[in-house]
Structures are given as C-alpha cells and as structure tokens.
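Give me coordinates for this.
(chains A and B)
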Amino acid sequence: MGSDRKTPGTGTTSDLIRRAATHPFRASRDHLRAARRLARDSWQRRPPARRAVAILFALAGVAAGVTSTAWQSSLRARLPSPLDWDALRALLERDARPGDALVPAPAWAERVRLLAPPAAPVASYEGGTAEDLPGVRRVWLAALPALPRFSWGTELGLLARSSGSEPTLALGALEVTRFQLAAPQLPMAFLPDLLGQAEVKLGDQPCLPEQEGVLRCADGGEVARSVREVGGRPRPCLVVHPDAAAGAPLALTFRGVPLGRAFHGHAGVAGDPGATAPVRLSVHVDDEEAGEVELASPGWQAFDVDTARFAGHARDVTLVLTSAARPGPLCLDAVTVP
Amino acid sequence: MSRAAPPSPSAPRRRRRIALAWGAVTFLALAALSTGPGISRDEAVAIDAAERAAAFWSDLPAHPLAELGRLDRALGGAHPPAPLGPALAAATHAAAARAGLPHRIGFRLATALAGALLSALLALLAHDLAGDGGALLAPALYWLAPRQLQLGAVATPDTLATAFWLATAMAYRRSGETPRARERVGYGLLAGLAFGGALAARLDSWVLLPALAVHAGLLRRAHRRPPSSGPARARGVPPAIGAMLVLGPLVLAALWPWLWAHPLRRLAAAATPPQAAWDYLGARLSGTRPPLLYPLAVTALSAPAALLLAWSGGLAHAAARLVWPASGERAEPADDALLLAGAAAPLVAAAAGLAPLLGGIRPWLPAFPFLAVAGARAVATAARSAWPARSGALGLVLSAALLWPGAWQVARCWPEAAASWGELAGGAPGAASLGMQRQDGGEGAAALLAELDARARPGARVLFVGPAASALRVEASDGRLRPDLALAVDPAGADLAVVALDGGSRDAEYQVWAAFRSDRPVAGAFLDEVPLAFVYARAGAWR
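Just a heads-up that it's a prediction; the model follows:
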C-alpha cells in the first residue's frame, strides 16, 4: 500500500521526523509573512506626515503627563518620614560613643545635624580617601539611597578606608551603616585648642587676650579660634591675619606640645576668596626650625613637617607666618600625630 | 495671517471675554499666593526702591524744591533699579495700606496686576493664532511652571517687564499686519510706548528692539522675493520699529527724572547692577558671562517636563511652519518668526551676558510667553490634526496631561517655588546633588519665622544671615517678627541665628558655629529634605 505524501499521518517515519523538525520554521515563516503583510498594509494606509506627527506629539504629551505625575508621586515615598528620622536619633543616642562621627549621604542632607548626639557630631566628608577625619574611629553613614541622583561615592570612600562595617540597617528610607576606620588619625594635640595657653607676637609686639579664644595685636591684627569655610567645607582652625603689618612676622608659640613623628596641618584663606598672596609658614621646635612651607595656592592646602627626632617629648612649638602682600585672614590648623 | 479657523461673528467677543476672565483669575490667584513666599534679596532691593520713591512722590507737592534737591538719593543710587516696578509697587502699597492689607502684599499687588495684564495679552495673542482653545490654554502653559508663578507673586519687576515685552510684540505685530496706514502708525506708537514701559521695568529689555528689527528685516526680504502673497508692506523703517527707537528712550527718561543729569553715565551705571554669585552644576557663576547653555540648562532642569514638551513642541511647530508651510494656508511667516524671535531673544541675551545674571530664570523670563503661545498653538493643532472628529476632547485630555504635573509641583512646593526643580533635575534633591542654586536669595528663612516667634526667648538678639535688612523690616511691620526680638549684627552679639542656605558660601554660618560653640541647629526649613534655612541658638535662647 503506497503512502499518500499529501495526507497527514500517511508518511513514512523519516517524513514525519522531517516535517516535525521543519514545522516550527514554517510557522515562523508564516508569521513573518503575515507581519510583513500587515506592515505593508499599514504603511499604505499610513496617515499623512503632518497627522502622524500630530498623533506622535499627542501621545508624547499624554505620556509625559502621566510619567511626570507618577515621578512626582513617587518622590514623596522616597523621602524619609519623621518616624525614620526618629529611629535614627534613637539608634545614635543608644549606640554612638566618643570617637564616632555621623556622615550624611548625600552631603547636603543636613537634617542629621538636628538629631546628631554629642557623641557623634556630623563630619564634613564626601568620600575622598585623602580627607582627614581627625579623632574619628568609627563613622556612621546615614544614606538616603532612594533619592534622585544619589551617588555611592561616600560609601565607597568609607569602605576603602575602613577595616570593617556592620550590616546596613534600613530605617524606612534611611540606610545606616557603621564603619570602623582601619587607620584612624588620633592626634596627640590639636593646636587650635591650645590657643588659650599660646603666646602670640606680631613683630616684637605681644598680642593680648581680648575675650575667650581671641587675641588682639597692635596694628589691628587678630588671632582667634573659629570655624571658617575653606575649600567649600567648615574648618575648625586658628584665624590669623599675617597681613596686619605687611612684612612683620606673626609668631604663635605653643608651650609643651606633645610631639610624635610628624606635625600635620592645613591652611587656606578663610571664606574662599579665590586667588591669594603667598604666605610663608615656618615651624620651630624650641629654637630650631623644623621645617617650612610656602602656602600659595587657594583652597585647603595640607603641609607636613617631620618631627620624628623630637618624638616622645613635649616641646615648645612656634609657628611663624610672614607675607609680603595681603593674603587675607588665614585659617590654619595643625595636629601632632604619633 | 495664519489663523486657526475662519473667525465666527462672535469670536471677537469671546476673545475679549476669555482675556478678561484670565486677567481676573490671574490677579486674584497671584494676590492670594503673594502671602506665601519670603522676601529675597532682589525683591528687597525693589521694596527699598519703592519706599524711597513713595517718600519722594508723596513729599514732592509739599516741598518741591527740597525734594528735587534730593532726587538723586530718592530715585537713584550707585546702581538703582529701573523706575517703573518700584513706582507701581509704591502705588499699590499705598492703596493696600489704606485697605489694611499687609505691607508685603501691598508691594506685591503691582506684580499681580502685571500678571493679570500678561495673562490677558497671552489669551488675546493665543486666540489670534490658535482660537478659543489656544486662548484658554496659553496662560496656563505660562503660569503652571513654579518659577514663573513665583515671579508673579513677588515684587521683582520681571513679570511687569515680561508683560510689556509681550505688549510690544503684539502691537508691533498688529502694526505690521494691518493694511490701513493710520492703524499702522497707531499700533506702531503703541509698540513704542509699550517698549518704553518694558525699558522702564527692566533696562535689558532693549534686546527686544534688535530682535524685532531683525524680524522686520527678514520679513521684508521674504516678501521681496516671490510674487508677494502676503499683505503689501511699506518701504522704509516699519512704524513700530521707528516708534520703539524714538518713544522707548523718551518714555524711560520721562519716568526716570534721575537720568536727566548725565543720562549716559547714569544709564550705564544702572544697566550694570552688582551681580550675586549663582551655583550652576557645582560651580559658582559670578560677574562673568555664563556658559552658553546656561539659560537652556536651567530652564530644562527647573520646568516640569510636560511643559517643556509643550514649549519645545510649539517651537518645533513654528519652525516647521516656516520651512514647510501647510497646504491651503497662506505662506505668511510673520507670526511663526515672531514667536521664534520672541522666545530666542531673551535666551540669547542671557547666554551672551547682555542681561544681568539674576537668580533662576529671571534674566530670560520674557521668553516664556512666546513659548506658551507657541505651545498652545501646537497643542490645538495637534488635537485637530490627530483626531479631527474628536479634536475638542483630545485637546482637553492633552492639555490636562501637560498641565497637571506643573499644577501638582506648584501645590507641593509652594511657597518655596524658587527652590523647586523639575523631573529632569531629579526635583530639589537631584538639583542639590547636581550643585544647583537652592533659592533666590535668603527667602527660605521666612519659613522659620513662625517657629522663631513661638520659641525664641523674650528679648533675644537674632542674627539673620541671608535675608536683606529691608526684608526683615517688612516682615516685622507685618507682625511676622516679634517686636521684642532685637536684630544682632554679628555672631558674637547674637543669642539666635537664622541662616538661609542658598547654595553659596557658608562662611558666615560657620562663624555662628564657632561663636555658639555648636554646629547643631535647633530648627530647620526643608524642601524635599533639601535644607533651606537653619536656626542656631545659644543655650537658653530657644524654648
């Protein structure tokens, strides 16, 4: 009995296998043909160009309206609620301890200042590995990761300089992570804090205490403990006026400063005025000049003086500032590090 | 002329009614909204000038010689603002004071009136170009952007100048299209007077003159080429341009007696006001020409995305009509070119540094009426073309979709509209991360006055960092600042400090930290978690 190849179910086994194998391709080909036919028909019946543009504009307008509305309604949900902030406050009050610092991410999210306990003051830090965090052993990162344009830079920076971190704790829209710094900078002395015992001279004239944290010199010069903006950040520092009497050296002597391997400091013109005149800073330990730096570039400029040969002793440290021009009030900090 | 549809006999009446309705609604809305925003430093300058102008004009009849002797101090100064805004603010303030309205609202009512005029003009022009639908939509496309609405509710002269820009352009347009010589001259004179008003509101309005002159020149060239299909044009300088050239400076001089002595020197001083520094993508712009894309970038980042789509659709529509005139319509490029020139001139002037670098979108605010009209016409045209049988319903849906996000954004951020940013920026949080300006200039501190009133120790000395002194004076005279609170001049002499954060230098705030020995504020004002102002207190000064 011959097989009828046209009739389904009457072929040989190999025929059946071949047809089974080609069936999906044939089906796809049929679909493709139908789609092409539909596209050709649609193209032939397409609206005139002006109407097509109008339809597209109308669709885009409706889509933009819907998308914008959805985005705006989602923004509120991405912000921390008062309850979230209260939870952060309670957490910090319970677990923060001296040597801790609180860092918000993004850095402008400064509502944390309202709730930071004294044990964990808010640190100005945006993630750079070279940024100093003097006296800080642990950092609490309070992040708002659902905010638009949020960056993980701060967290990555902290990860790079930490020996470990606790698992992230989600407090509603807030995420809190605690980092243990691998090499915390623990200063032996912070010079601005020693201003009360310092002797200050402008030229040969001594500067006299006027009020707490302020010494007044002749010729209108002044040395004060303050917080000023330099390099776009708050800098606790000594504000000195090396230009009060142009050319006259301003000498600040701190008695019995414990010294370690280095004397590490920063300086910059307070208020970020831009271009500035150069200032020469020399560091004397007792009567010996230990080092000097030329502060010429704007911004928060770091300097280091090697004091390893004096390490382990308390010595008199004198900072001498001279400037031929008028650089403006200088914000100056310095620590001695072990 | 390219009108939306053949005008029906009742169209002129409907046109007037829509314009009047929009004017009335706008005035009431702006007057009501003007109670909200704090007073920025720029607004304080306008209020200062208004107070000086009011004192001068009220004393002039009684002591004419003495008052004329102190003309320089009353209407001038090192860099005085143009005279019309302060004069109108002084007038509305005097009227409002008689009605017992707060001083802040009194100064701002002049802007509400200017806003009403602007809305009516927008409706009239949009009706000419896009019919009833366009007239209903165009003012909404202008006002439902938070920045525009905020500038309509404060006493800076920008909305007034914008209204005069549009009035000038409309009078110029009518002067060019009318076939009768007498009407041409009449509308030309009107254009000249309106241009003078624009100059007297903001000196950088001179940019409008070259923009319209270029428009007139191009139009004349376009009509010279083919067998002309449009109305016959006169030779020589168009009457409107001539009137603007002559009447504009005359009106300015007439409204500003301070200019009469040493006019050029004084005009130069007034045209270069001291410029504040503004944050733009993490950099400080101060006293220099802004980056070329600055106006476009700030507009794109600050406006609701749906409105941006409508405005840019309107511009594209106008440009397309210039290049490919629709079949069946006359190839009259005047209106399309006018919309493009009106929108481009302020943006180009701001990018080129010809307009002073002011906060937010202020320098190029006059571009937005043209964008709104172009957008309204594009929406009306799209609805008609996309679905002719249901064009009304589609237009309504499309308008609602385009306007709703802006309305919602206004409702969410008011009265801190100057601190709000659009979806492309990521809202206020995204803009803060991008390093954009947080507010115009200290007005965010007003949000903390009620809390200061409630919690400050009696007799406390308060240092304000950011708000201008005259802003505080107005707030105090309106009873928003307790009379027992004294103003401190430095952190050492202060018990409390209210610090506005406008994105600029925070040096003064850090000195408060040092003086108070604390960087922990006791209260704050925020918009979507972006801090706008903080209160710091010495121990015991905050209850």
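
what about A:Ala311, neighbour count?
Counted with other CB atoms under 10 Å in any protein chain shown, the neighbours of A:Ala311 add up to 15. C-betas here are computed from N, CA, C, even on glycine.

Please read the previous query as pertaining to B:Arg98.
8.

What of A:Gly153?
Burial measure for A:Gly153: 14 neighbouring residues, criterion other CB under 10 Å.

Just confirm it contacts A:Leu141, I think it does.
No - here A:Gly153 does not reach A:Leu141: they are 11.4 Å apart, not a contact under CB atoms under 8 Å.

residue ranges with poor pLDDT in the stretch 1-150 of chain B?
Scanning the stretch 1-150 of chain B for pLDDT under 70 picks out the ranges B:1-7, B:9, B:76.

same thing but at 80, please
B:1-10, B:65-79 (pLDDT under 80).

can you give me the helices for it?
In the stretch 1-150 of chain B, the segments counted as helices under DSSP state H, counting those that start in this stretch are B:11-33, B:41-59, B:64-69, B:71-75, B:84-98, B:103-143, B:146-152.

TSV please, covering the ones you listed and showing distance to A:Glu210.
TSV is the format used below for the helices of the stretch 1-150 of chain B (distance: least, CB to CB, whole Å):
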stretch	distance to A:Glu210
helix B:11-33	50
helix B:41-59	33
helix B:64-69	45
helix B:71-75	38
helix B:84-98	44
helix B:103-143	41
helix B:146-152	45
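
Next, format the ones you listed as CSV and append distance to chain A.
CSV is the format used below for the helices of the stretch 1-150 of chain B (distance: least, CB to the nearest CB, whole Å):
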stretch, distance to chain A
helix B:11-33, 20
helix B:41-59, 19
helix B:64-69, 39
helix B:71-75, 32
helix B:84-98, 32
helix B:103-143, 11
helix B:146-152, 12
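
right, and the ones you listed - which one's nearest B:Tyr510?
Closest approach to B:Tyr510 among those (CB to CB): helix B:41-59, 20.3 Å.

quick one, that closest one and helix B:84-98 angle?
Per axes from the mean of the first three to the mean of the last three CA atoms, to 10 degrees, the angle that helix B:41-59 makes with helix B:84-98 is 70 degrees.

What is helix B:41-59 packed up against?
Applying 3 or more CB pairs under 8 Å, 6 or more residues apart in numbering or on different chains; DSSP states H and E, one finds that helix B:41-59 makes contact with helix B:64-69, helix B:71-75, helix B:84-98, helix B:103-143, helix B:469-477.

Contacts for it, please.
By CB atoms under 8 Å, 6 or more residues apart in numbering or on different chains, the residues outside helix B:41-59 that reach it are B:39, B:66-67, B:70-71, B:73-75, B:80-81, B:83, B:85-87, B:89-90, B:93-94, B:107, B:154-157, B:276, B:358-359, B:362, B:440-443, B:466-471, B:474.

Can you list the buried residues in it?
B:41-54, B:56-57 (16 or more other CB atoms under 10 Å in any protein chain shown).

re earlier: A:Trp71: which of the helices of the stretch 1-150 of chain B is closest?
helix B:146-152 (15.1 Å).

who does the closest one touch, helix- and strand-wise?
Going by 3+ CB pairs under 8 Å, 6+ apart, helix B:146-152 lies up against helix B:11-33, helix B:103-143, helix B:158-177, helix B:391-413.

Please repeat the previous calculation with a cut-off of 10 Å.
If contacts are counted by 3 or more CB pairs under 10 Å, 6 or more residues apart in numbering or on different chains; DSSP states H and E, helix B:146-152 sits against helix B:11-33, helix B:103-143, helix B:158-177, helix B:294-302, helix B:367-386, helix B:391-413.

out of those, deepest packed?
helix B:367-386 (a mean of 28; mean count of other CB atoms under 10 Å in any protein chain shown).

got the angle for that one vs helix B:391-413?
Going by the same axes, to 10 degrees, helix B:367-386 makes 140 degrees with helix B:391-413.

can you pull out the strands in the stretch 101-250 of chain A?
A:138-143, A:162-165, A:169-171, A:174-181, A:189-190, A:199-202, A:205-206, A:208-211, A:214-216, A:222-230, A:233-240, A:250-258 (DSSP state E, counting those that start in this stretch).

For residue 297, report the pLDDT, please.
In the absence of a named chain, chain A is used. What the model reports as pLDDT for A:Ser297 is 78.

That was the other one, I meant chain B.
On the pLDDT scale, B:Ala297 is placed at 96.

ok, so what distance separates it from chain A?
Per CB to the nearest CB, to the nearest Å, B:Ala297 is found 15 Å from chain A.

In contact with that residue, which residues?
B:Tyr280, B:Leu281, B:Pro290, B:Pro291, B:Leu424, B:Ala425, B:Leu434, B:Met436 (CB atoms under 10 Å, 6 or more residues apart in numbering or on different chains).

And the helix-or-strand element of chain B with minimal mean pLDDT, how far out from the chain middle?
Between all helices and strands in chain B, the lowest mean by mean pLDDT, DSSP states H and E belongs to helix B:71-75, at a mean of 74. Helix B:71-75 sits 26 Å away from the centroid of its parent chain (CA atoms, centre = their mean, to the nearest Å).

re the thing from before, among the buried residues of helix B:41-59, list the two that are farthest apart in space.
B:Arg41 and B:Trp57 (24.9 Å).

remind me which residues of chain A are low pLDDT?
In chain A (pLDDT under 80), the answer is A:1-25, A:127-131, A:219-220, A:242-247, A:272-277, A:296-297, A:324-327.
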